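Student: Provided below are the primary sequence and the corresponding predicted coordinates.
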Amino acid sequence: MNRRLFLKSSFATLALPAMESIGASLPAGSTGLNASGPPMRMVCVGNSFGMHPESFFPKTAGRNYEMTHLLSPLERFREKMTVFSHLDHGIKGGHFAVHSFLSGVREEDAKGMPDGNLTVDQRAAEHVGALTRFPSLTVGIEDGLHGGCRMCWTRTGVRVPPIQGPREVFRKLFVNEGENAQQKAANQYSERRSILDSVLGEAKSLNRRLSSRDQEKLGEYFDSIRDVETQLELEKRWSDVEKPKPPFPEPEDRSFVEDIPVMFDLLAVALQTDSTRIATYELAGAKFDTSFFGLSSGYHSLSHHGQKPEKIEGLVTIERFQMEQLARFLDKLQSIQEPDTDKSLLESTMVLFGSGMGNGNAHVNKDLPLVLAGGGFKHGEHKVYPEEEIRRVPLCNLFLSMLQRFGVATDSFGTSTGALTGLDFA
């Protein structure tokens, strides 16, 4: 196969949507895309440096656990959230493994996995496809320190970069493209169609010179091309649809810390208007301006506190702020009523908060801090899973449960061994 055909084929293959697992079924209580009632949504929020374990994890399991200092801003959501202990991906790498948070697979190990380092949010986005204007929405800010969060990855190993700052997110959601921009998009669409037509033509010509086994492989490739063509048609459809009216004026970009509540508000509106059903917020580490909290040391430095009380106090101040903003976001979702129902947006939105770093001071990726709220699960507990290495439960089991709740008919995800035991649908 000549180099030109290979490169074009790679371009086309990168856009392939996933097929649902053959034979997989949805557990009772799962919400499919065609189910009656509000659609299910998914929001994933993560930071680079984890949470101070002693200030985050409750000391007792079950329903009557005592709220810790970092969890206490979420007290009013106790019955609508679950805290998890001893879930992780069983990998090492410190800062350089944080990007595996939503996949369970490090970038360098992706080639050995059936779905690469595909993240749970992007798997859900494949399921939604073009039913919404944005199959997924990733926001945050680029953080070059140790690679930053880098939370979102496609099955082809391509990182999904965040939309940076409230202004850009606002314009993405609410500002319609001008006539010139629409024409440019139409030209790009025509160009991409031309590439696919060229690939298809060359592949058909090549087919006559192949063995029967290779012809079978090429037939599978033809199916991929048709899937890409369908995806392009759906993209073109959204280019002609007006965006929703903005609920507030365009915000100004201020600072990373000051922008956090505005970004959460924009995500809530994006879900409310069904502009997207999947959102991911990268709360990067180094971009936190600690002077906002009256601190002189940087966030990264504080995460390596060396057990010094004054540094731990500064670190927990930053982490407490994150939990307060998460609680504010849940308040926002709780205040929005779904159309034609008595349910809130929170009840149909699963919100995951966590990190790929378990303990920043020790540079370990074990015992990741995790909270799951909303989404129609039976909540109200601190679930503690086995700590012994031989009995440890993969975090991907939780992600599999989330995908099944989302309506994805699959019985595996990443390094999962099954759906997470003890986490049931309401």
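Tutor: On my side now, so go ahead.
Student: and the pLDDT for the residue nearest the centre of the chain?
Tutor: Central residue of the chain (CA atoms, centre = their mean): D121, 3.5 Å from the mean position. With respect to pLDDT, D121 has a value of 98.
Student: would you say it is within a helix?
Tutor: Yes: D121: assigned to a helix according to DSSP: H, G, I helix; E, B strand; the rest coil.
Student: that one contacts I278, correct?
Tutor: Yes: at 5.2 Å, D121 and I278 qualify as touching, with contact defined as CB atoms under 8 Å. In short, each C-beta sits where N, CA and C put it, glycine included.
Student: quick one on the thing from earlier: list the contacts for the residue nearest to the centre of the chain?
Tutor: M42, C44, L102, S136, T138, M151, C152, I278, A279, T280 (CB atoms under 8 Å, 6 or more residues apart in numbering).
Student: 10 Å - rerun?
Tutor: Residues near D121 by CB atoms under 10 Å, 6 or more residues apart in numbering: 42-44, 102-103, 135-138, 151-153, 160, 278-280, 352, 399, 402-403.
Student: are any of those residues buried, and if so which?
Tutor: 42-44, 102-103, 135-138, 151-153, 160, 278-280, 352, 399, 402-403 (16 or more other CB atoms under 10 Å).
Student: now, those residues that are in strands?
Tutor: Taking DSSP state E, the ones among the buried ones among the contacts of D121 that sit in strands are M42, V43, C44, L137, T138, I278, A279, T280, L352.
Student: any idea what the first one is bridged to?
Tutor: Translated: M42. M42 has these beta-bridge partners by DSSP bridges: I278, M350.
Student: begin at 34, not 1, for the rest of this chat.
Tutor: All right, first residue 34 from here; so that's M75.
Student: can you give me the pLDDT of it?
Tutor: pLDDT, M75: 98.
Student: mind listing what it touches?
Tutor: 153-154, 156-158, 160-161, 169, 304, 309-313, 382-385, 407-408, 435-436, 438-439.
Student: one step back: max pairwise distance over the ones in strands among the buried ones among the contacts of D154: which two?
Tutor: Taking CB to CB as the measure, these span a maximum distance of 15.0 Å, between L170 and L385.
Student: buried set for stretch 98-118?
Tutor: 98, 101, 103-104, 106-107, 110-111, 113-118.
Student: just stretch 80-97 next, same as before
Tutor: In terms of neighbour count (16+ other CB under 10 Å), stretch 80-97 has its buried residues at N80, S81, F82, G83, M84, H85, P86, S88, F89, F90, P91.
Student: how far off centre is it?
Tutor: 21 Å (CA atoms, centre = their mean, to the nearest Å).
Student: what does stretch 349-362 give?
Tutor: 19 Å.
Student: what mean pLDDT does it get?
Tutor: For stretch 349-362, mean pLDDT rounds to 98.
Student: tell me which residues of that stretch come out buried.
Tutor: Those would be V349, I351, E352, R353, F354, Q355, M356, E357, Q358, L359, A360, F362, for stretch 349-362 by 16+ other CB under 10 Å.
Student: and what of stretch 146-161?
Tutor: For stretch 146-161, by 16+ other CB under 10 Å, it's 146, 148-161.
Student: kindly report the same for stretch 289-305.
Tutor: Per 16+ other CB under 10 Å, stretch 289-305 contains these buried residues: 289-290, 292-293, 295-305.
Student: was I right about G149 contacting S133?
Tutor: No: with contact defined as CB atoms under 10 Å, G149 does not reach S133; the gap is 11.7 Å.
Student: any residues in contact with both of the two?
Tutor: By CB under 10 Å, 6+ apart, the residues touching both G149 and S133 are E140, D142, A143, W186, G447.
Student: for I369, state which of those is nearest.
Tutor: Taking the shared contacts of G149 and S133 together and measuring to I369 by CB to CB, the closest member is W186, at 29.7 Å.
Student: that closest one touches A158, doesn't it?
Tutor: No: taking contacts as CB under 10 Å, W186 lies outside contact range of A158: 11.4 Å.
Student: overlap of the contact sets of the two?
Tutor: T152, V193.
Student: H333: which of the buried residues of stretch 289-305 is nearest?
Tutor: F289 (13.8 Å).
Student: can you say which helix or strand has the nearest residue to that closest one once chain neighbours are set aside in it?
Tutor: Excluding the flanking residues, the one nearest F289 by CB to CB, 6 or more residues apart in numbering is K320, at 4.4 Å. Using DSSP states H and E, K320 sits in no helix or strand.
Student: domains for this protein, by residue range?
Tutor: 34-63+212-275, 66-208+284-439 (automatic domain parsing).
Student: format these as TSV; extra columns: distance to A452.
Tutor: Supplementary listing: those in TSV, determined by distance: least, CB to CB, whole Å:
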stretch	distance to A452
domain 34-63+212-275	7
domain 66-208+284-439	5
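Student: need the winner for burial among these.
Tutor: Neighbour counts (mean count of other CB atoms under 10 Å) averaged over each of these peak at domain 66-208+284-439, with a mean of 20.
Student: any idea how far that one is from the chain center?
Tutor: 8 Å.
Student: so who does the residue lying closest to L120 once chain neighbours are set aside touch?
Tutor: Using CB to CB, 6+ apart and skipping the chain neighbours, the partner closest in space to L120 is L428 (4.4 Å). By CB under 10 Å, 6+ apart, the residues touching L428 are 117, 119-123, 133-137, 153, 387, 389, 401, 403, 418, 447-449, 453.
Student: inside strands: which ones of those?
Tutor: F117, L120, D121, G387, L403.
Student: which one of those is nearest to R200?
Tutor: G387 (27.5 Å).
Student: distance of the closest residue to the closest one other than its chain neighbours relative to F297?
Tutor: Of all residues not flanking G387 in the chain, L403 sits nearest, at 4.3 Å (CB to CB, 6+ apart). L403 sits 19 Å away from F297, going by CB to CB, to the nearest Å.
Student: what does A143 give?
Tutor: For A143, the distance to F297 - CB to CB - is 30 Å.
Student: cool, G393 as well?
Tutor: From G393 to F297 the distance is 23 Å (CB to CB).
Student: and for I174?
Tutor: 14 Å.
Student: repeat that for E112.
Tutor: 22 Å.
Student: got the phi and psi for L379?
Tutor: Phi and psi for L379, reported as degrees, to the nearest 10, are phi -60, psi -40.
Student: how close does it get to G407?
Tutor: 4 Å.
Student: what is in contact with the two at once?
Tutor: The contact sets of L379 and G407 overlap at R74, F110, K113, M114, L363, L366, Q367 (CB under 10 Å, 6+ apart).
Student: find the nearest non-adjacent residue to L456, please.
Tutor: Here the residue nearest L456, using CB to CB, 6+ apart, is S434, at 5.3 Å.
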